[in-house]
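**Student:** please work out how this folds:
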Amino acid sequence: MEKKKGFFEGSFGKFVLPGIILQSVMIGGGYATGREIVEYGAKYGALGWLSGLGTFLGFAVIAALTYELIRLTKAYDFKTFMKTIGGPLWIVFDIVYLLFMVVIIAVMASATGNIVEQTLGLNYWVGVVAITVVVAILNFYGSRLIERFETLGTVALYAGYIIFSVLVIGTFGKNISTVFANHDTSFIGGSVSAGKALWSGVLYCAYNLVVMPATFFTIERQTRRVESVVSGIIGGVLATIPWFLTYFAVMCFYPNPDVLGASVPWLAMMQGTAGPVVIAIFGIVMGWTLIETSTGIIHAALERVNNGLKEAHKPPMTGKQQAILTIIVLVGSMVLSKVGIIDLIATVYNALSYAFLAIYVLPLITVGVYKIFKLRKAEKEEQKKHAVSATQKHAV
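**Tutor:** As a prediction, the model looks like this:
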């Protein structure tokens with residue numbers, strides 16, 4: 001008798017889980033502070049929604065192509081995947097990924113320290129140490145715990161974002177219609193084209209591709225093209241909903257520099273609309289997003305290391321070794337976190353966006369697409385052979 005599949009092994013695991021992991025890992029680096037949405041969309045005011053559209057299209061297309069190629073090649077870690085589309089250039093992706101991993105976790109550490117300090121009244125380093133301990137524990141126990149932690153986290157985080165957005169928009173929402181009626185783009189001090197706003201969304205998607213390898217291990221469940229495509233689109237939708245919630249919340253204050261110029265715009269908006277209890281809950285929810293991002297990014301790096309050990313015919317890291325390596329990465333990021341959120345995002349993120357476009361997106365839409373068509377043709381021929389063989393066997 002065939003064993004009944006668990007919830008995570010059925011349709012949920014095939015269609016929805018990759019998108020949930022994508023969104024949950026991205027949300028801390030992409031949305032927790034609100035700073036990123038200002039830099040890559042909200043600063044354009046009435047045209048900012050085009051940045052959100054660019055982000056959605058970018059994630060949906062790239063995720064669908066990535067998942068289909070992984071399904072066909074069984075490249076479940078990013079070294080194997082990058083070898084598939086980039087050949088010997090995989091080492092460049094390794095370097096950029098590891099660099100960006102440290103930078104984005106530095107942003108997370110800085111944001112956690114600031115949010116915990118301002119919402120709960122605790123010392124800056126309490127939040128930073130807390131994220132280190134929790135992320136180390138999650139990577140000690142590995143993939144299955146991370147899947148469940150981030151699935152539950154997504155439900156809680158969406159509830160939180162919806163509540164916070166309703167509070168802000170419900171109080172100051174009249175300004176949104178004013179911004180669009182006046183075609184207001186005044187925060188950037190000049191006119192902006194629709195194309196520039198759309199391209200900003202593409203860049204936002206590009207730098208967030210650092211989270212894509214964190215989803216690779218979930219693709220092992222997929223067996224059909226429809227699962228790859230649909231899960232990619234779902235990933236794009238899940239990754240973009242918080243973007244638009246944050247964008248419209250910021251539009252309630254546009255072009256107020258006290259909000260759009262804040263290190264943590266979400267906190268600036270919440271302090272004007274909610275009491276201390278809600279602010280404290282906000283701090284806890286944001287801390288959770290930062291844990292999810294750091295966990296997912298480091299987990300992908302650990303999978304990469306374990307694959308390298310396997311290729312060298314050595315045993316994979318133990319849970320204890322994974323936790324220790326996690327702490328080392330986090331401590332390095334803590335030191336970098338003192339640079340500050342705005343400086344890190346403004347100076348480093350753009351450069352890394354173009355790096356990911358060059359070493360990930362370009363090879364994927366050229367070499368990757370060619371290999372998908374080639375492998376799909378071989379897969380169809382194999383399926384036909386099995387069908388003919390089954391028919392003949394049945395006839396006998």
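**Student:** the host helix or strand of Lys384 packs against which elements?
**Tutor:** Here Lys384, judged by DSSP states H and E, is contained in helix 369-395. Contact here means 3 or more CB pairs under 8 Å, 6 or more residues apart in numbering; DSSP states H and E; on that basis helix 369-395 packs against helix 48-73. To be clear about C-beta, it is placed using only N, CA and C from the backbone, and glycine gets the same treatment.
**Student:** quick one: mean pLDDT for the helix it packs on?
**Tutor:** Taken as a whole, helix 48-73 has an average pLDDT of 96.
**Student:** angle of the helix or strand that that helix is followed by against helix 48-73?
**Tutor:** Following helix 48-73 in sequence order, the next helix or strand is helix 78-86 (DSSP H and E). Per axes from the mean of the first three to the mean of the last three CA atoms, to 10 degrees, the angle that helix 78-86 makes with helix 48-73 is 100 degrees.
**Student:** give the buried residues for the helix holding Lys384.
**Tutor:** Neighbour-count burial for helix 369-395 flags Lys371, Ile372 (criterion: 16 or more other CB atoms under 10 Å).
**Student:** how far is that helix from where the chain is centred?
**Tutor:** Offset of helix 369-395 from its chain centre (CA atoms, centre = their mean, to the nearest Å): 35 Å.
**Student:** cool, and stretch 250-261?
**Tutor:** That offset, for stretch 250-261, works out to 25 Å (CA atoms, centre = their mean).
**Student:** can you give the contact residues for it?
**Tutor:** Applying CB atoms under 8 Å, 6 or more residues apart in numbering, the contact partners of stretch 250-261 are 34, 37-38, 42-43, 45, 48, 168-169, 171-173, 175-176, 179, 184, 186-187, 265, 268-269.
**Student:** of those residues, grab the buried ones for PyMOL.
**Tutor:** In PyMOL syntax, the buried subset of these is picked out as below (16+ other CB under 10 Å):
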select buried, resi 34+37+38+42+43+45+48+168+169+172+175+176+179+184+187+265+268+269
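**Student:** which ones among the contacts of stretch 250-261 map onto strands?
**Tutor:** Assignment to strands by DSSP state E places none of the contacts of stretch 250-261 there.
**Student:** quick check: angle from the helix holding Lys384 to helix 78-86?
**Tutor:** Going by the same axes, to 10 degrees, helix 369-395 makes 100 degrees with helix 78-86.
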